[in-house]
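1. Curious how this folds, go ahead:
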Amino acid sequence: MTTHVSSADEDFARRARDNQQRLGADLKPSYDFIVCGAGASGSVVARRLAENPDAQVLLIEAGGSDEAESVRDPARWPANLGSERDWGFQAEPNPHLNGRALSMAMGKGLGGGSSINVMVWARGHRSDWDFFAAEAGDAGWSYDTILTLYRRIETWRGAPDPAYRGSSGPVWVQPAADPSPVAHAMLGAARELGIPTFDHPNGAMMEGPGGAAITDMLVRDGRRHSLFRAYTQPFLDRPNLTVLTETIVRRVIVEGRRATGVEILREGRTSIIGARAEIVLSLGAIQTPKVLMHSGIGDHAELSRFGIPVVQNLPGVGRNLQDHVSFGCLWEYAEPLAPRNTGSEATLYWTSRPELDAPDLLFCQVEFLVPSERTAARGVPAHGWTMFAGLAHPESRGRLRLRSADPLAPLAIEADMMSDPADMRTARACVELCRALGNAAAFRPLIRREVMPGELTGEARDDFIRDAAVTYWHQSCTARMGRDAMSVVDGSLRVYGIDGLRVADASIMPRVTTGNTQAPCAIIGERAAELIRSAQRL
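-> Now for the predicted structure:
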């Protein structure tokens, strides 16, 4: 598509580019704040700290620029998977998934996951945030507080709803524009089954058992509006914000009990940059615990296996790995129907059991076929759509393990999806609801047939679930916030036992939020910045 760029935009882009080239060529030996990772949380933290012109902020990103059409064009997001903008993590073979080893995409580049994902804005459920508050012992994480923060950061472009939506924040949120007939059919199917529908999914819908709605997405003027674009990009012309790309954070330097700097790898050279006030790790739920462990912060036994000197024994680092697991149920179109917007325009949350008062099932409709590598072998038609149906609150827990003392060596990712028997019980209910939705009368004018799973029962159905399971790419919870021995950070996101070091990304979640994790990561970034500014009197 052709996008008009104003002369003012061109002038800003030139100033920002020239400014960042100067700042990058003349790195300071130390900064007030170092934020590691320019993803969905780190972009927020860096911007909020840099709003004080007296604060010198360094934002370090392992990947490169977001100036690629596959990033900017919402419809082309699948092209980023497996590209240089994807870390390309691979989980270990999982006996609970018939020995399959799942790929686990995570964003690498300015914007992180918010530059390669499906742009869904899903705030999480009331119960998620109240659970966070209880675990942290801090009402600042409660739903009522977080709702106020969401309203403050949004510019909502749908039907006005001032009780839930904001109008003047940096994050541009809109409902999918002119949704496909198949998205409207999803809402019609929900109503047939007695599931309520809502004008948008980020208000009353997420205060009770759930419902269905047209998806909210981060798209502005037809272009992806990543959290880097929303928060950091407007500040790239500031003299107090330096953004380094193509730079790996190897470890945090700790002197005594204080984090004093980071060791980086840039242009083939290793160096150390000091931090006068604080360091924030926002590298995501795989890389943040990895850097902690290589810094000597983690499980004593795990670090000792590789001769890494233990600075702080925190056995929870790398534990509690959670992710939403999905089972793709497929239907064939009666006639080819081209995807619109991002190709994912309708969403639904519901309960697997009537006694639940909050959803434990998550459905994202995808307007093309997305089989797993296993289920593709069962036969897939040329045209169709997918109910990307999954577990909103899986009971299974995974773990990250070091393979080497070398900070550049990859971790072993033991995702262990479906290892808890409770998840199989919930998955059966999930697939049955999925089939009921897809075979409802609302879809009949649009589909020829159900492709899979069909009328499977017993072990055949369970085998389909194990073969169909894939990740939502919502890795989280590996440096969790809490007050017990397995917690890594406190309610202020400070790493236990280490001064001047915080974590702000999905790894701090005590449990994965209900729905896509991008919006909660923005809130984690906002909370981190608030806490730092208060502590540092900015």
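
2. can you list the residues that contact stretch 88-97?
-> 82, 99-106, 286, 396, 398, 410, 412-419, 466-467, 469 (CB atoms under 8 Å, 6 or more residues apart in numbering). Just so you know, the C-beta spots here come from the backbone N, C-alpha and C atoms, and that holds for glycine as well.

3. Mind checking which of those residues land in helices?
-> Per DSSP state H, helices hold the following members of those: 286, 466-467.

4. Can you tell me the SS state at the closest residue to residue 201 other than its chain neighbours?
-> Spatially, and ignoring its direct neighbours in sequence, residue 201 is nearest to residue 213 (4.0 Å; CB to CB, 6 or more residues apart in numbering). Using DSSP: H, G, I helix; E, B strand; the rest coil, the structure places residue 213 in strand.

5. Check what pLDDT residue 213 gets.
-> Per-residue pLDDT puts residue 213 at 98.

6. How about the one 10 residues further on?
-> Per-residue confidence for residue 223 comes out at a pLDDT of 95.

7. Next, give phi and psi for it.
-> The phi/psi pair for residue 223 (degrees, to the nearest 10) reads phi -120, psi 150.

8. Surely it is in contact with residue 76?
-> No. Look at residue 223 against residue 76 with CB atoms under 8 Å: they stay out of range, at 11.1 Å.

9. just to revisit the earlier point, which residues does the residue nearest to residue 201 contact?
-> Counting by CB under 8 Å, 6+ apart, residue 213 touches 187, 197-201, 205, 346-348.

10. How much space separates it from residue 247?
-> Using CB to CB, to the nearest Å, residue 213 is found at 40 Å from residue 247.

11. Please look at residue 239 and residue 20 and confirm they touch.
-> No. Applying CB under 8 Å as the test, residue 239 and residue 20 come out as separate, 10.6 Å apart.

12. more crowded one of the two?
-> residue 20 (18 against 11; other CB atoms under 10 Å).

13. how far away is the more buried one from residue 10?
-> 16 Å.

14. circling back: hmm, which of the contacts of stretch 88-97 are the buried ones?
-> 100, 102, 104-106, 286, 396, 398, 413-419, 466-467, 469 (16 or more other CB atoms under 10 Å).

15. Show me how the record splits this structure into domains.
-> Domain segmentation of the chain under automatic domain parsing yields 7-68+226-321+477-536, 71-105+172-224+322-471.

16. Same list (the ones you listed) but as JSON lines, adding distance to residue 166.
-> Output for the domains of the chain, formatted as JSON lines (distance: least, CB to CB, whole Å):
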{"stretch": "domain 7-68+226-321+477-536", "distance to residue 166": "12"}
{"stretch": "domain 71-105+172-224+322-471", "distance to residue 166": "9"}
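
17. Show me what counts as buried in stretch 245-256.
-> Neighbour-count burial for stretch 245-256 [16+ other CB under 10 Å]: 245, 247-254.

18. Check the offset of that stretch from the chain's centre.
-> Distance of stretch 245-256 from the chain centroid (CA atoms, centre = their mean, to the nearest Å) equals 23 Å.

19. Then stretch 440-449?
-> Here stretch 440-449 shows a centroid-to-chain-centroid distance of 32 Å under the convention CA atoms, centre = their mean.

20. Endpoints of that stretch, how far apart?
-> Taking CA to CA, to the nearest Å, the first and last residues of stretch 440-449 lie 12 Å apart.

21. Not counting its own residues, what contacts it?
-> 181-182, 185-189, 191-193, 331-334, 337, 384-385, 438.

22. List the ones among those that fall in strands.
-> 331-333, 384-385 (DSSP state E).

23. Would you mind checking which of those residues is nearest to residue 278?
-> Residue 278 has its nearest neighbour among the ones in strands among the contacts of stretch 440-449 in residue 385, at 46.6 Å by CB to CB.

24. Mind pulling up the pLDDT for the closest one?
-> Each residue has a pLDDT score; the one for residue 385 is 98.

25. hey, which of the domains of the chain is tucked in deepest?
-> Mean neighbour count (mean count of other CB atoms under 10 Å) peaks for domain 7-68+226-321+477-536 among those, with a mean of 21.
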